[in-house]
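**Student:** Just need the structure, nothing else, for what follows:
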Amino acid sequence: MASENERPLHSLTTTEDEPSSPAPLGYMQKFRLYETRSNFYMIGRDKSRTYWRVLKIDRLEPSELNILEDSTTYTENECSDLLRRIHEGNRSTGGLKFVTTCYGIVGFIKFLGPYYMLLITKRRQIGAICGHAIYAISKSEMIPLPNSTVQANMACSKNENRYKKLLCMVDLTKDFFFSYSYHVMRSLTKDHV
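**Tutor:** Numbers count the residues shown, from 1 in each chain. All right, here's what the predicted structure looks like:
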């Protein structure tokens, strides 16, 4: 039998016979990133704090991107209970620690070494299209995926640092827009035809 922190996330609160919760009507708009030695847990919630979702990101395999989206939709109390159980299950290796609050993931990138996660840590609403809020990035942060023991021998090469600096020179606060409920790359005429 696998330990609690090795089972898929959905099995922490449901059994195989139980149906998963229906998909939420709202969009995840605010996220909290937590870490254990072996995983990141991105906890997302909708604007009304009604629906909570979990994204599990592996930190032990630096050359592969392993992400598991939990299909369960949680309440705030259920999500808090899940985090408490993850903490207890990982207590021997430091438990669960809060990393940052963010408003989305821009993406994942790999240069020569490990993968990095690029997060939106501050946003500003710049307008709306057909009632859908449109945001610009005010601040972003790049977080290496592997834990410090895995990453130590990979992320400090001269070329790796050069590529990281080049990426940091890209100004995401200019001309980078996003929406939680509207596809911003879509033509307005397609929406009204």
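**Student:** unless I'm mixing things up, Asp70 is touching Trp52, no?
**Tutor:** No - using C-beta atoms under 8 Å, Asp70 makes no contact with Trp52, being 9.8 Å away. To be clear about C-beta, it is placed using only N, CA and C from the backbone, and glycine gets the same treatment.
**Student:** Check which helix or strand the nearest residue to Phe176 once chain neighbours are set aside maps to.
**Tutor:** Nearest non-adjacent residue to Phe176, counting by C-beta to C-beta, 6 or more residues apart in numbering: Ile137, 5.3 Å away. Using DSSP states H and E, Ile137 falls within strand 132-144.
**Student:** just checking, what's the longest strand in this protein?
**Tutor:** If you go by DSSP state E, the chain has its longest strand at strand 115-129.
**Student:** Flag every buried residue along that one.
**Tutor:** Tyr115, Tyr116, Met117, Leu118, Leu119, Ile120, Thr121, Arg123, Ile129 (16 or more other C-beta atoms under 10 Å).
**Student:** Format those as a markdown table; extra columns: distance to Tyr34.
**Tutor:** Shown next, in a markdown table, are the buried residues of strand 115-129 (distance: C-beta to C-beta, whole Å):
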| residue | distance to Tyr34 |
| --- | --- |
| Tyr115 | 18 |
| Tyr116 | 18 |
| Met117 | 13 |
| Leu118 | 18 |
| Leu119 | 13 |
| Ile120 | 17 |
| Thr121 | 15 |
| Arg123 | 20 |
| Ile129 | 33 |
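**Student:** Mind putting the residues you listed into a markdown table with pLDDT and distance to His183?
**Tutor:** Output for the buried residues of strand 115-129, formatted as a markdown table (pLDDT from 0 to 100; distance: C-beta to C-beta, whole Å):
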| residue | pLDDT | distance to His183 |
| --- | --- | --- |
| Tyr115 | 90 | 26 |
| Tyr116 | 91 | 25 |
| Met117 | 94 | 22 |
| Leu118 | 94 | 20 |
| Leu119 | 95 | 21 |
| Ile120 | 95 | 17 |
| Thr121 | 95 | 23 |
| Arg123 | 95 | 17 |
| Ile129 | 88 | 10 |
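**Student:** tell me the contacts of the most centrally placed residue in the chain?
**Tutor:** By C-alpha atoms, centre = their mean, the chain has its centre lying nearest to Met42, at 4.2 Å. Residues near Met42 by C-beta atoms under 8 Å, 6 or more residues apart in numbering: Phe31, Arg32, Leu33, Val54, Leu55, Ile57, Ile105.
**Student:** With pLDDT as added columns, please give the residues you listed in TSV.
**Tutor:** Listed next are the contacts of Met42 as TSV, based on pLDDT from 0 to 100:
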residue	pLDDT
Phe31	97
Arg32	97
Leu33	98
Val54	96
Leu55	96
Ile57	96
Ile105	93
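**Student:** Understood, closing this out.
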